[in-house]
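Q: Return atomic coordinates for the entry below.
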Amino acid sequence: MKHILIYGDSNTWGYDSARYVPEANAFQRMDETERWPALVRSQLGSGYHIIEDTLNGRTLMWDDPYMPGRNGLQGLRTALDAHAPLDLVVMQLGCNELKDYFNLSATLIARGMETLVRECSISYYGYPAPKVLLIAPAPTHPDIAAIRAGVSFGPTAYAKNCELGKLYRAIAERQHCGFIDCAELGFEINTVDGLHYSRSDHAKLAPVVTGKIREMLG
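A: Residues are numbered from 1 along each chain as shown. Next up, the predicted model:
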């Protein structure tokens, strides 16, 4: 049995910008037939144990003053310990750092991502350290600042997001990780909130991740 931790933010959790519930004043989550980690579980079949550890608003390593408890580095340390032994950690993070109040360049966001990749190299309880599959998030809508006016994402978010694919690829090369760039998969452009993937996007990502996992683990 291969044990795989999928660690991410709202675009891994399955935040559905097309499914708003007025009485809850909230958007719902895609189900097991829609979000990409669950599709990967179905596509891999027996012999693979998928652990979904995903959280809306999760950052790489910064504390969000408006969304406490989202520090990804702290959460990853706990998850690696809790779910040992692991064969692979799949990570897709970095979009929440585009919020204006973090004031981070694309290079600093990538440095945070590399910190998490290095954290996975720690061996828990004498087990071998897991391999890492790094996923660069798809670019936001070019007009995300206008779409989400007054909600954190400013005029530099799109440009910084577009740099992450190149920077994450370099991390994967340095740290000997698997790599997928969502910008290369032809995702839809979200005009509702400018940020979250559609069901079609999740369906495009899942088989690519499945193929990469089989390539990395056999």
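
Q: gap between the residue nearest to Leu80 when sequence neighbours are not counted and Ile50?
A: Using CB to CB, 6 or more residues apart in numbering and skipping residues adjacent in sequence, the residue nearest Leu80 is Tyr124, 6.0 Å away. C-beta here means a position set from N, CA and C on the backbone, and glycine is covered the same way. Applying CB to CB, to the nearest Å, the value for Tyr124 to Ile50 is 19 Å.

Q: if we can go back for a sec, please look at the residue nearest to Leu80 and Ala82 and confirm they touch.
A: No: the criterion here is CB atoms under 8 Å, and Tyr124 misses it with Ala82 at 9.4 Å.

Q: Please compare those two by neighbour count and tell me which comes out ahead.
A: Using other CB atoms under 10 Å, the more surrounded residue of Tyr124 and Ala82 is Tyr124, with 16 against 11.

Q: Would you mark the buried spots in the helix or strand containing Lys212?
A: Assigned by DSSP states H and E, Lys212 belongs to helix 199-217. Buried residues in helix 199-217, counted by 16 or more other CB atoms under 10 Å: 199, 201-202, 204-206, 208-210, 212-213, 216-217.

Q: what about that helix, average pLDDT?
A: Helix 199-217 carries an average pLDDT of 98.

Q: For that helix, enumerate the helices and strands it packs against.
A: Judged by 3 or more CB pairs under 8 Å, 6 or more residues apart in numbering; DSSP states H and E, helix 199-217 is in contact with strand 2-8, helix 36-44, strand 88-92, strand 131-136, strand 178-181.

Q: Now render those as JSON lines, adding distance to Phe187 and mean pLDDT.
A: Below are those laid out as JSON lines (distance: least, CB to CB, whole Å; pLDDT from 0 to 100):
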{"stretch": "strand 2-8", "distance to Phe187": "15", "mean pLDDT": "98"}
{"stretch": "helix 36-44", "distance to Phe187": "11", "mean pLDDT": "98"}
{"stretch": "strand 88-92", "distance to Phe187": "13", "mean pLDDT": "98"}
{"stretch": "strand 131-136", "distance to Phe187": "12", "mean pLDDT": "98"}
{"stretch": "strand 178-181", "distance to Phe187": "11", "mean pLDDT": "98"}
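
Q: right, so of these, which gets closest to Gly14?
A: Nearest to Gly14 among those is helix 36-44; the distance by CB to CB comes to 7.7 Å.

Q: can you pull the contacts of the closest residue to Ala138 other than its chain neighbours?
A: The shortest distance from Ala138 to any non-neighbouring residue, by CB to CB, 6+ apart, is to Cys182 (3.8 Å). Neighbouring residues of Cys182 by CB atoms under 8 Å, 6 or more residues apart in numbering: 92, 135-138, 165, 201, 205.

Q: Relative to Val208, how far out is Cys182?
A: 9 Å.

Q: what does Ala110 give?
A: 21 Å.

Q: Just give the closest residue to the spatially most central residue of the chain, not the sequence neighbours.
A: Residue closest to the mean C-alpha point of the chain, counted by CA atoms, centre = their mean, is Gln92 at 2.2 Å. Excluding the flanking residues, the one nearest Gln92 by CB to CB, 6+ apart is Ile135, at 3.9 Å.
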